[in-house]
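*Asks:* one predicted model, sequence on top.
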Amino acid sequence: MQTQYAPISTRIKAVIIDSIAIIVLMYAAVEVFNLFESIPNYIRISVFVGLFILYEPLLVSIFGATLGHFFNDIVVKQEANENRNINFLLAIIRFITKSLLGWVSLLTVNSNSKKKAIHDYVAQSVVLPYKPNKKASTP
């Protein structure tokens, strides 16, 4: 059976959901900040930058998916071992490349059999439909 890879439309839907999730998290941070009389600007900046930069790499390296991926039933895995998540360093590199290139990174998705974007080439990752582990049930 040939491995299926996530189409570009599904990946774009995941990015939109992730953008909404980040906005909601930032709004929640503002509400928490409002509970305190005075929060230094460096803390506010650190929280917002941390949310933006760490959201995707942390979730992808730990769970193999962001909220957008989860709701679209896709996961990011290592190209060499499609059962394993990419490590945190590669997830950071993947995110930075994707952020710097923007939509240009997606130009390669339809030109290769594994539907890899430029940031997937850089991080040696693939985006697959989610398949839960099928464990043998015991009677």
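*Replies:* That came through fine.
*Asks:* going forward, measure contacts and count neighbours with C-alpha atoms only.
*Replies:* OK.
*Asks:* where does the residue nearest to residue 7 when sequence neighbours are not counted land in three-state SS?
*Replies:* Among residues not flanking residue 7 along the chain, residue 115 sits closest, at 6.9 Å (C-alpha to C-alpha, 6 or more residues apart in numbering). Classification of residue 115 using DSSP: H, G, I helix; E, B strand; the rest coil returns coil.
*Asks:* give the contact list for residue 115.
*Replies:* Contacts for residue 115 (C-alpha atoms under 8 Å, 6 or more residues apart in numbering) come out as 5, 6, 7, 8, 108, 109, 126, 127.
*Asks:* now render these as CSV, adding distance to residue 91 and pLDDT.
*Replies:* CSV is the format used below for the contacts of residue 115 (distance: C-alpha to C-alpha, whole Å; pLDDT from 0 to 100):
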residue, distance to residue 91, pLDDT
5, 19, 93
6, 18, 92
7, 20, 91
8, 19, 92
108, 19, 91
109, 18, 92
126, 12, 96
127, 13, 96
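*Asks:* now, those that are in helices?
*Replies:* Using DSSP state H, the subset of the contacts of residue 115 located in helices is residue 8.
*Asks:* weed out the non-buried ones from the contacts of residue 115.
*Replies:* When the contacts of residue 115 are checked for burial by 16 or more other C-alpha atoms under 10 Å, the buried set is 5, 6, 7, 8, 108, 109, 126, 127.
*Asks:* from residue 78, how far off is the fifth one?
*Replies:* The reference is to residue 108. Noted for residue 108: a distance of 18 Å to residue 78, by C-alpha to C-alpha, to the nearest Å.
*Asks:* equivalent analysis for the third one, please.
*Replies:* Between residue 7 and residue 78 the distance, using C-alpha to C-alpha, works out to 17 Å.
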